[in-house]
Structure formats: C-alpha cells, structure tokens
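Enquirer: what follows is a predicted protein model with its sequence.
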Amino acid sequence: MSFVRFLARPMLASSFILAGLDKLKNADDTAAQLSPLLRRAADSLPFPANEKVLARVIGGTQVGAGVLFALGKSARLAASALAVISALNAFVEWRSADITSKEGREARRTQLLKNVTLTGGVLLASVDTAGRPSLAWRAEHIAADARKGASHLAADARKTTGKQLKKADKAVRKAVDHAVGA
C-alpha cells in the first residue's frame, strides 16, 4: 500500500465510522430521519423488519465498511458499500433539511456538498486497484493471450497438414503413375 493510501483511507473512513457509531447510538433518531426509506425497505423484505433494527443495520454496515476501508481490507467492496450509504445519507439529509430560513438553505447546500464530496471520494476508492490490474483487465488479457496462442497453434496445424497433404499427393501420384505404367 502506498503512503498516500495509508493516510487517505483512514482519513476518508473516519467520517463514515463516526457517523455509523452515531447511527448506532441514536437508532431512534436515525429511524425517524430515514423513516420513508426504511418503511419501503421493511415492506419489501420477505420477513417482518423493524425500522429501528434496519437503522442499526445501516449504522453497523457503515462502521464495518469504514473500518475495513481504513484498514485496506476488501477496500473496494467496503468503498462501494460506503458510496451507497453516502448517497442514501445525501438524499435523506437534503430532503429533511430545514429550508425555512436563509441559514437553513445554506446549511442544506453545505451538507449536500459534503455528502456529494464523500460519495465521490469513496466512488473513486471503489475503483482504485492500488496499482494492480483489475480482475476484468486480467481476464481480458488472459483471453487475448489464449486467442493468440490458439491462432499460432492453428497456423502450425495448417502448415503441418499442408505438408502432409503434399506428401500424400506425391505418393498417390507416384502410385498412380506406377500402376498406369505397369
């Protein structure tokens, strides 16, 4: 891991970890704030779910993904989870902000920009391969190497088959000439 990643991951993750801990401690407030979304999520689950429990799950996921991201363990997966949670937070906070005053509208804009910035940061981190090629790149190049090897094998087979056909043709002509002349 590079020095920049060593510093940047925990710095970026700290905001998510603290927010997740806050969600866990204040599950009632979180459930109230996320109520419209949690109600839809609870209704779509095949089992009965409490909004407060779902709020704790979101908080726990945020803490867990933040810690994994900070440690660089399954960092891309953790960053993807954090991106989803951050986008969810941006939407909910934007929607529930007080916009009755100028200060409220400015605070709403500032909070939205913060959430969009965090989402962008973890989205970048979710595609960061730490200097190593991604699995898709590796698979593509393995397939290209296999195609190249197969085409070389096919060319060698055509060449060998062509030589064998010429030998067989000569042998058949010689046998025919010998049979006709006899």
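Expert: Ah, there it is. Residues are numbered from 1 along each chain as shown.
Enquirer: distance between the helix or strand where residue 36 lies and the chain's centre?
Expert: For residue 36, the host element (DSSP states H and E) is helix 35-44. Averaging C-alpha coordinates over helix 35-44 and over its chain gives two centres that are 25 Å apart (Cα atoms, centre = their mean, to the nearest Å).
Enquirer: tell me the helix or strand right after that helix.
Expert: Secondary structure here is assigned by DSSP H and E; on that basis, the next helix or strand after helix 35-44 toward the C-terminus is helix 51-71.
Enquirer: which residues touch residue 87?
Expert: Residue 87 sits next to 115, 119 when contact means Cβ atoms under 8 Å, 6 or more residues apart in numbering. From N, CA and C alone the C-beta is placed, and that goes for glycine too.
Enquirer: ditto for residue 179
Expert: If you count contacts by Cβ under 8 Å, 6+ apart, then residue 179 has nothing around it.
Enquirer: list phi and psi for it.
Expert: The phi/psi pair for residue 179 (degrees, to the nearest 10) reads phi -70, psi -40.
Enquirer: please enumerate the helices of the chain.
Expert: Along the chain, the stretches classed as helices by DSSP state H are 3-25, 27-33, 35-44, 51-71, 75-96, 102-126, 135-181.
Enquirer: quick one: which of these has the weakest pLDDT on average?
Expert: For the helices of the chain, the bottom mean pLDDT is recorded on helix 35-44, which sits at a mean of 73.
Enquirer: other SSEs contacting that one?
Expert: For helix 35-44, the elements it packs on are helix 51-71, helix 75-96, judged by 3 or more Cβ pairs under 8 Å, 6 or more residues apart in numbering; DSSP states H and E.
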